[in-house]
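Q: sequence and predicted structure, then a few things I'm wondering about:
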Amino acid sequence: MANQPDFGRFDVLLLDIEGTVCPISFVKDVLFPYALNVLPDFLAEQWDEPSFAGYRNAFPDDCRNDRSAFEAHVRDLVARDVKAPYLKALQGHLWTKGYESGVLKAPLFPDVPPFITNAHAAGKKIMIYSSGSVPAQKLLFAHTTAQPPDMSVVICDWFDTVNAGPKTDVASYTTILSHHPDISPARWIFLSDNLSEVDAARQSGMHSIPAVRPGNAPLPSHHPLSEFAVSEFTPASIAQAAAAIAAKTSA
Ligand SMILES: CSCCC(=O)C(=O)COP(=O)(O)O
């Protein structure tokens, strides 16, 4: 197609969220505190509501029937950034009002909306894989600072630690691949700021490139893929980094 950017040999762009498509500070300094701020009033209102039972009963036995133990456990998990699926489900639930009221808007890095939109227009499949729950991912991409704000409409699949597994396990990427058996692993590319995730994705047969973004800690210089990290997503930067990694790792 005329004037379409060249996304090369990839059919699927699988994207991490925190530190890859939006700043770590949005997650750590805005989303996490928002959930903790609304938690006490939310628990006071919803603790015995049938609509809250699924979230509450997913928590460990010792906090399921004790509201203060429940709240203390949430605060401890958030302080330690534990990616427990039951915490991630609760956080997504607590963020709903914030997004829907306009208080929360996801500040995607400026290159991300055109990158996603152009890739979609070029016929590529855009998918997300984050430790945040699938409902939380959908909320984030539906309420961004981009114009138009709803980027969720061009995303065709969503993966989290429940439907795929932990992000540093090779098996999680194999599971993701198994959801799309018609697409060869070599036609996938996963972008993430976490080198352990990049390594796991590569072991599944996907391509994967590290992302380094403003506000991220520098990537460790001893890791063989750090030198290929991409700081801005364009078809050319992704294609070049993927080719350079392939050349280095096949040498
Ligand atoms: C769905 S946005 C919230 C992201 C989140 O809760 C999180 O823990 C970040 O995980 P990621 O895998 O995107 O680094």
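A: Yep, that arrived.

Q: what does the helix or strand encompassing residue 202 rub up against?
A: Assigned by DSSP states H and E, residue 202 belongs to helix 195-203. Helix 195-203 has contacts (Cβ atoms under 8 Å, 6 or more residues apart in numbering) with 14, 16, 167-170, 172-173, 190, 192, 207-210, 219-220, 223, 225-226. Just so you know, the C-beta spots here come from the backbone N, C-alpha and C atoms, and that holds for glycine as well.

Q: give me the three-state assignment for residue 190.
A: Three-state call for residue 190 (DSSP: H, G, I helix; E, B strand; the rest coil): strand.

Q: can you turn the buried part of the contacts of helix 195-203 into a ChimeraX selection?
A: Here is the ChimeraX command that picks out the buried ones among the contacts of helix 195-203, judged by 16 or more other Cβ atoms under 10 Å:
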select :14,16,167,169,172,173,190,192,207,208,209,210,219,225
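
Q: what's the single nearest residue of the chain relative to the ligand sitting at in phi/psi?
A: Per Cβ to the nearest ligand atom, residue 132 is where the chain lies closest to the ligand, at 2.3 Å. Backbone geometry at residue 132, expressed as degrees, to the nearest 10, gives phi -60, psi 150.

Q: number of nearby residues for it?
A: 24 (other Cβ atoms under 10 Å).

Q: and if you look at the one 3 residues further on?
A: Residue 135 sits with 17 neighbouring residues when counted by other Cβ under 10 Å.

Q: check which helix or strand covers it.
A: Applying DSSP H and E, one finds residue 135 within helix 134-142.

Q: buried residues in that helix?
A: Neighbour-count burial for helix 134-142 [16+ other Cβ under 10 Å]: 134-142.

Q: roughly how far does residue 145 sit from residue 168?
A: Distance of residue 145 to residue 168, computed by Cβ to Cβ, to the nearest Å: 30 Å.

Q: to clarify, my last question referred to residue 69.
A: Taking Cβ to Cβ, one finds residue 69 at 29 Å from residue 168.

Q: wasn't residue 78 part of a strand?
A: No: looking at residue 78 with three-state DSSP, it is helix, so not inside a strand.

Q: ok, it - contacts?
A: Here residue 78 is in contact with 32, 35-36, 87 (Cβ under 8 Å, 6+ apart).

Q: return the distance of the helix holding residue 202 from the chain's centre.
A: 15 Å (Cα atoms, centre = their mean, to the nearest Å).

Q: and the buried residues of helix 134-142 near the ligand, which?
A: Among the buried residues of helix 134-142, the ones lying near the ligand by Cβ under 6 Å from any ligand atom are 136-137, 140.

Q: any idea which of those residues is the one closest to residue 111?
A: residue 140 (17.1 Å; Cβ to Cβ).

Q: and the closest residue to the closest one other than its chain neighbours, what does it touch?
A: In space, residue 140 comes closest to residue 106 once its chain neighbours are excluded; the distance is 4.6 Å by Cβ to Cβ, 6 or more residues apart in numbering. With contact taken as Cβ under 8 Å, 6+ apart, residue 106 is in contact with 22, 26, 140-141, 143-145.
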